[in-house]
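Student: the sequence and its predicted three-dimensional model are supplied below.
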Amino acid sequence: MRLLLLGSGSYKSSLTYFRLVSLGRHLAILGWDVSLVVPSADKYNDFTPDPQAHIPGITVVQPWQPATRNMFVNLIPYLLTALVATLRIRPALVYLYKPTPVTIIGLVPHILFRAPLVLDLDDLGSEVMRLEGRSRLEVALVARCERLALRYSSAVVVTSTYLYDLVRKQYPAKPIILLSNGVEPAAYNMPPRQKLRPYLYYFGALNRLSLIETFLRSLPQVFRAVPEASVCIMGGGSALDAAKRLVEELGIAVNVTFTGWTDKDAIKQYVQFGDIALCVQPDTPSVRAASNLKVFQYMAMASVPVVSDVGDLPMYVGSGPGSAGVVVASDSEGELSRTIIHLLTHEKARIRMALAARQKAETDYAWSTLAARLNAFLAGPVMGDREKV
């Protein structure tokens, strides 16, 4: 059957690639005829179209659009040409990832051809945009698209228990599945076992200082206890300069390195087996709603994740003897400092958790595992008595 995937970002952007493309590739292996309709140029590829876009197992369709840096100049031509492309595909099932003005055209085949529409929610998009300081118009447009997509969707895929509860409360009759983000283990070779080093890192976008502020403020105590420890912050964004200023104010600049934005493949050159990786996020609705990709990438690289007790983060690393990481309070610099110091000085615990993290990445959170669950959901509750894969 023809499955149409609609994404908001260009085909290799983090908005599209890490979830939509990963699921699409594995659904193609399971028998779906998969087409992906996405913009050819956006800020994620520096507005440089790639006419040779190719993804194994997926037909990539990039509707015509101007490649300007003005979203609204690009949007109208894109919507018209994307609509034509969508109607030509005549999908049996539409999978809309991140409801935005770019993807909302997925409603058309649902209305015209009664093709089931599956909405994939991985965060509170309009709320995240508001926190990042985007314009009122952009936030309002995305919020409207979110409401429309939720209302008209045949089924909903959510990445967190927080989103599951929100959607279930609003639409109790809709089929819903909880499907976290994941990782492609083969893209991250198991790092060789070697002597552990006193190294901590963070990887990801830095559009809000709050995403790493607790971590940075915990470090002076860590460096007093373990002077040889070092920290690497791999990521860029609007809050990068604020993070650098905070490091200077705390007097720890000699121990902290900022790489700026680092490609998902380049991160591997900075990481060794058993390094300590941070995802200590503030307790906000947007964090509770998210399924943080970096945690699964940390696991695949056999790092030891330290996560906050917010949303589903504790569930990912687990607890007890088989845990793949450590959970700390989201707002406690002291607890975080003590946790990091303990990990830096207890190598056996780090080795055990690093091995458990890699194991979880290869099994529970591999995209092949998650796609198999999604396939059963699509073929069962969504398609019902229609033709199945």
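Tutor: Arrived safely. Residues are numbered from 1 along each chain as shown.

Student: before we move on, which element is T257 in?
Tutor: Assigned by DSSP states H and E, T257 belongs to strand 256-260.

Student: in the stretch 201-350 of the chain, which spans are helices?
Tutor: For the stretch 201-350 of the chain, helices defined by DSSP state H, counting those that start in this stretch occupy the ranges 213-225, 240-250, 285-289, 293-300, 313-317, 333-345, 347-362.

Student: then the stretch 1-150 of the chain?
Tutor: 22-29, 71-89, 107-113, 125-131, 136-152.

Student: for the first one, name the packing helices and strands.
Tutor: By that I understand helix 22-29. strand 2-6, strand 33-37, strand 58-61, helix 367-377 (3 or more CB pairs under 8 Å, 6 or more residues apart in numbering; DSSP states H and E). Where C-beta positions appear, they are placed from N, C-alpha and C, glycine not excepted.

Student: which one of the helices of the stretch 1-150 of the chain has the lowest average pLDDT?
Tutor: Here the lowest mean pLDDT among these goes to helix 125-131, at a mean of 69.

Student: show me the chain divided up by domain.
Tutor: According to automatic domain parsing, the chain comprises the domains 2-182+366-382, 185-362.

Student: gap between Y199 and D275?
Tutor: From Y199 over to D275 the distance is 5 Å, taken as CB to CB, to the nearest Å.

Student: between these two, which one's more packed in?
Tutor: D275 (22 against 19; other CB atoms under 10 Å).

Student: who's in contact with that one?
Tutor: By CB atoms under 8 Å, 6 or more residues apart in numbering, D275 lies in contact with R197, Y199, L200, Y201, M301, S303, V304.

Student: again, only using 7 Å
Tutor: Counting by CB atoms under 7 Å, 6 or more residues apart in numbering, D275 makes contact with Y199, Y201, S303.

Student: again with T259
Tutor: T259 makes contact with C232, M234, according to CB under 7 Å, 6+ apart.

Student: circling back to that earlier point, deepest of the helices of the stretch 201-350 of the chain, which one?
Tutor: helix 293-300 (a mean of 27; mean count of other CB atoms under 10 Å).

Student: so how far is that helix off the chain centroid?
Tutor: How far helix 293-300 lies from its chain's middle: 10 Å, per CA atoms, centre = their mean, to the nearest Å.

Student: what packs against that helix?
Tutor: Applying 3 or more CB pairs under 7 Å, 6 or more residues apart in numbering; DSSP states H and E, one finds that helix 293-300 contacts strand 276-279, strand 304-308, helix 347-362.

Student: if we go to 10 Å?
Tutor: With contacts defined as 3 or more CB pairs under 10 Å, 6 or more residues apart in numbering; DSSP states H and E, helix 293-300 has these neighbours: strand 199-203, strand 276-279, strand 304-308, helix 313-317, helix 347-362.

Student: dump it to PDB, keeping only the CA atoms.
Tutor: In PDB, the C-alpha atoms belonging to helix 293-300 read as follows (Å, rounded to 0.1, in the frame of the first residue of the first chain):
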ATOM      1  CA  LEU A 293      16.700  12.000  20.800                       C
ATOM      2  CA  LYS A 294      20.100  12.700  22.400                       C
ATOM      3  CA  VAL A 295      19.400  10.100  25.100                       C
ATOM      4  CA  PHE A 296      19.100   7.300  22.600                       C
ATOM      5  CA  GLN A 297      22.200   8.600  20.700                       C
ATOM      6  CA  TYR A 298      24.100   8.600  24.000                       C
ATOM      7  CA  MET A 299      23.100   5.000  24.600                       C
ATOM      8  CA  ALA A 300      24.100   3.900  21.100                       C
END
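
Student: count of residues packed around R373?
Tutor: With other CB under 10 Å as criterion, R373 counts 13.

Student: contacts only, for it.
Tutor: By CB atoms under 10 Å, 6 or more residues apart in numbering, the contact list for R373 reads V157, I177, L178, L179.

Student: got it, and S10?
Tutor: Counting by CB under 10 Å, 6+ apart, S10 touches 16-17, 38-50, 53, 62.

Student: now a PyMOL select for only the buried ones of these.
Tutor: Only the buried entries of the contacts of S10 go into this PyMOL selection, using 16 or more other CB atoms under 10 Å:
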select buried, resi 16+17+38+39+40+41+42+44+45+47+49+53+62
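
Student: helix or strand with the lowest mean pLDDT in the protein?
Tutor: One helix or strand of the chain scores below all others by mean pLDDT, DSSP states H and E: helix 125-131, with a mean of 69.
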